[in-house]
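>>> Any chance you can model this:
(one chain, ligands or ions: 1)
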Amino acid sequence: MRIYLIGFMGCGKSTLGRKMAELMNLSFIDLDKYIEERYFRTIPLIFEEEGEQGFRQKEQHALQEVSQFENVIIGTGGGTPCFFDNMELMNRTGTTVYISPDTETLANRISHSRTERPLVTGKSREELIDFINQTLEKRNPFYRQSKIILSGQNNLSAKSVIETIKNLEIL
Ligand code: S3P
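From the prediction side, this is the model:
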């Protein structure tokens with residue numbers, strides 16, 4: 001059993017993933033945290049020292065590693081599915097679930113979060129909304145390759161996501 005949670009920054013991958021893992025008796029891996037521990041540096045520092053390109057290479061490598069773990073729920077980074085063949089790898093090795101709340105909800109969660117995210121640092125509310133909409137347009141073709149798409153629901157519960165996955169697997 002391997003589940004990948006996919007979606008934009010602030011969509012709730014980590015919060016949902018942790019709860020789902022608890023309820024399903026699986027381990028939860030946050031890919032960003034895995035990268036930080038694996039490379040002994042924070043995400044902002046990797047961006048600063050190696051640029052986005054350097055970060056994406058590490059992210060791909062980390063994904064290849066965690067895609068071999070068993071009985072896990074993996075919370076990916078917002079950009080993970082959109083680089084290299086990452087989306088194909090995830091679809092081949094597990095159940096991909098796209099969590100897609102509306103832009104307002106994403107913006108609220110990003111601006112209230114304590115996590116430092118280099119791609120949105122220093123943006124005003126308006127700039128953030130524009131960035132989310134523009135980036136989603138580019139990323140949606142990747143995100144939408146997920147096996148399960150949960151869009152337009154802003155407050156998904158871990159239980160309901162689990163039910164959806166279970167129903168799909170029976171069909
Ligand atoms: C990114 C999202 C972040 C992190 C990095 C880049 C992105 O993860 O991987 O800052 O490109 O959307 P979260 O989605 O967990 O915030």
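>>> quick check, residue 20 in a helix?
Yes. Under DSSP: H, G, I helix; E, B strand; the rest coil, residue 20 falls within a helix.
>>> Pull the contacting residues for it.
Counting by CB atoms under 8 Å, 6 or more residues apart in numbering, residue 20 touches 3, 26, 28, 73, 158, 161, 162. Yep, even glycine has a C-beta here, placed from its N, CA and C like the rest.
>>> what's the answer for residue 87, then?
Contacts of residue 87 by CB under 8 Å, 6+ apart are 81, 96, 142, 145.
>>> Check the residues you listed and tell me the two furthest apart.
96 and 142 (10.3 Å; CB to CB).
>>> Mutual contacts of the two, please.
81, 87.
>>> Please say which of the two ends up with more neighbours.
In this view residue 96 and residue 142 are compared by other CB atoms under 10 Å, and residue 96 has more residues nearby, 23 against 18.
>>> Torsion angles phi and psi at that one?
Reported as degrees, to the nearest 10, the phi and psi values for residue 96 are phi -100, psi 130.
>>> Identify the bridge partners of it.
Under DSSP bridges, the beta-bridge partners of residue 96 are residue 4.
>>> In contact with it, which residues?
4, 6, 81, 87, 90, 145, 146, 147, 148.
>>> pLDDT and distance to residue 63 added to these, as CSV?
Converted to CSV, those look like this (pLDDT from 0 to 100; distance: CB to CB, whole Å):
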residue, pLDDT, distance to residue 63
4, 98, 9
6, 98, 11
81, 98, 10
87, 98, 10
90, 98, 7
145, 98, 15
146, 97, 15
147, 96, 17
148, 96, 19
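>>> Mark which of those are part of helices, please.
If you go by DSSP state H, those have 87, 90 in helices.
>>> Checking the residue nearest to residue 12 when sequence neighbours are not counted next. Helix, strand or coil?
Leaving aside its sequence neighbours, residue 12 sits nearest to residue 99 (CB to CB, 6 or more residues apart in numbering; 5.8 Å). Put simply, residue 99 is strand when judged by three-state DSSP.
>>> contacting residues for residue 99?
5, 6, 7, 11, 12, 13, 16, 150, 156, 161.
>>> what do you get if the cut-off is 7 Å, keeping everything else the same?
5, 7, 11, 12, 13, 16, 150, 156 (CB atoms under 7 Å, 6 or more residues apart in numbering).
>>> Helix, strand or coil: sort out the third one for me.
Going back to what we said before, that points to residue 11. coil.
>>> any low-confidence regions in the protein?
170-171 (pLDDT under 70).
>>> got the residues of it near the ligand?
Residues of the chain that fall close to the ligand, judged by CB under 6 Å from any ligand atom: 9, 32, 43, 77, 78, 79, 117, 118, 119.
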